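[1] can't give you the sequence, but here's the structure:
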């Protein structure tokens, strides 16, 4: 088999290796080079995350972990295909769009869909991003003709556990090298060898038995309703919204809305609204000029009217007071 040209294409990806620990989830999401992500922290406590990225030529390898439950939304890199898999224990799950995923799938395949992920605490994920053109060059050379638009638009595929286990083991070995010996990975010859190993292994892993492909993954069924209620929340973020306002806006019943939000986020609609507002306050605090704004003014803009309750809820969620967030931002810019 003649190997496609995989010399790093600097117009597509700027080659680099990164391994870093984070205590700020906005910085964690910003470190996803070529991605445009926004994260909301959903569980209470100080954030701790880890990110390892090897990016070269046509291939990007990502290891990401977080100790808190998160909602992550954003765009995938253009002209690429994405393949994600859980690396956590057997009882961990992850929600992508309206489907609850376990360790037996590859997800994120549809290049036309945005990233929309809700992960549990202590989640670890491995992600492979590959140039669309190079992926299809390899499938042509390997004479696999089944990877068409219909295949990728399914977004999630159920994989033979043995094949997926082999692929995960290979990824974990690369992530270990990225964490311990990034200099070796930065060598051009090393990158070429990894691409020539990784892409055929990925493509062979994606070759599935029909029984696995048709086994199906249960859908939660209320994803579109949740997106509509999120849009309504954002459009009215400074208003004193009630549960009735929410279910009326999306033309459903309080029971259906409550079940839908709980399925995705594990909380009530009003709890989720409060968490979205708290995350909004935090992002504003990290970008504002302390000489021009006040914490109470920002909190009011995001729909908080009791400063005592607001400060308590903020500290419970993020492990620090709003004033501490503002101080760290100001000191970082000084």
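    Okay, I see it. Predicted model only: the values in this text are computed from it and were never measured.
[2] spatially, and excluding backbone neighbours, which residue is closest to residue 16.
    In space, residue 16 comes closest to residue 55 once its chain neighbours are excluded; the distance is 5.7 Å by CB to CB, 6 or more residues apart in numbering. Yep, even glycine has a C-beta here, placed from its N, CA and C like the rest.
[3] show me what the helix or strand containing that neighbour is packed up against.
    Assigned by DSSP states H and E, residue 55 falls within strand 49-56. If you count contacts as 3 or more CB pairs under 8 Å, 6 or more residues apart in numbering; DSSP states H and E, strand 49-56 packs onto strand 16-22, helix 25-30, strand 59-66, helix 161-180, helix 182-185, helix 188-206.
[4] now the last one: how far from the chain's centre is it?
    Just to be clear, that refers to helix 188-206. With CA atoms, centre = their mean, to the nearest Å as the basis, helix 188-206 stands 23 Å off its chain's centre.
[5] show me what it is packed against.
    strand 49-56, strand 59-66, strand 123-131, helix 132-141, helix 161-180, helix 182-185.
[6] which one of these lies nearest to residue 288?
    strand 49-56 (23.8 Å; CB to CB).
[7] what's the angle between that closest one and helix 188-206?
    Per axes from the mean of the first three to the mean of the last three CA atoms, to 10 degrees, the angle that strand 49-56 makes with helix 188-206 is 110 degrees.
[8] returning to what we had before: can you count the residues close to the residue nearest to residue 16?
    21 (other CB atoms under 10 Å).
[9] tell me what it is bridged to.
    Taking DSSP bridges as the rule, residue 55 bridges to residue 16, residue 60.
[10] all the helices of the stretch 201-334 of the chain, residue numbers only.
    Applying DSSP state H, counting those that start in this stretch to the stretch 201-334 of the chain gives helices spanning 210-214, 223-235, 243-249, 254-265, 269-285, 295-301, 307-318, 322-333.
[11] list the contacts of the third one.
    With contacts defined as CB atoms under 8 Å, 6 or more residues apart in numbering, helix 243-249 is touched by 228-229, 232-233, 236, 239, 253-254, 256-257, 269-270, 273.
[12] what's the average pLDDT for it?
    For helix 243-249, mean pLDDT is 95.
[13] just say which of the helices and strands packed on helix 188-206 is most tucked in.
    Comparing these by mean neighbour count (mean count of other CB atoms under 10 Å), strand 59-66 ranks first with a mean of 23.
[14] any idea how the protein splits into domains?
    According to automatic domain parsing, the chain comprises the domains 16-214, 223-333.
[15] do I have it right that residue 258 meets residue 266?
    No: when contacts are counted by CB atoms under 8 Å, residue 258 is not listed as touching residue 266 (11.9 Å).
[16] more neighbours, those two?
    When residue 258 and residue 266 are compared for neighbours, residue 258 comes out ahead with 18 against 15, by other CB under 10 Å.
[17] who's in contact with the more buried one?
    Residues in contact with residue 258, defined by CB under 8 Å, 6+ apart, are 268, 269.
[18] tell me the confidence at it?
    For residue 258, the pLDDT comes out at 93.
[19] now the spatially most central residue of the chain: how far from residue 228?
    When the chain is reduced to its mean C-alpha position, the nearest residue by CA atoms, centre = their mean turns out to be residue 72, at 4.5 Å. Counting by CB to CB, to the nearest Å, the separation of residue 72 from residue 228 is 20 Å.
[20] residue 97 too?
    Distance, residue 97 to residue 228, using CB to CB: 14 Å.
[21] try residue 318
    Distance from residue 318 to residue 228, by CB to CB: 28 Å.
[22] which of these two has more neighbours?
    Between residue 318 and residue 228, counted using other CB under 10 Å, residue 318 has the larger neighbour count: 23 against 15.
[23] hmm, back to that, so for residue 140, which of the helices of the stretch 201-334 of the chain sits nearest?
    helix 210-214 (21.2 Å).
[24] any figure for the gap between the closest residue in space to residue 287 that isn't next to it in sequence and residue 317?
    Once flanking residues are discounted, residue 287 sits nearest to residue 329: 7.7 Å by CB to CB, 6+ apart. Distance of residue 329 to residue 317, given as CB to CB: 17 Å.
[25] settle it for me: which of these two has more neighbours?
    residue 317 (22 against 18).
[26] does that one really touch residue 271, like I thought?
    No: using CB under 8 Å, residue 317 is not in contact with residue 271, being 10.7 Å away.
[27] any residues in contact with both of those two?
    Counting by CB under 8 Å, 6+ apart, residue 317 and residue 271 have no contacts in common.
[28] so where is this protein shaky, pLDDT-wise?
    Scanning the chain for pLDDT under 70 picks out 1-15, 208-221, 331-334.
[29] nothing else from me, thank you.
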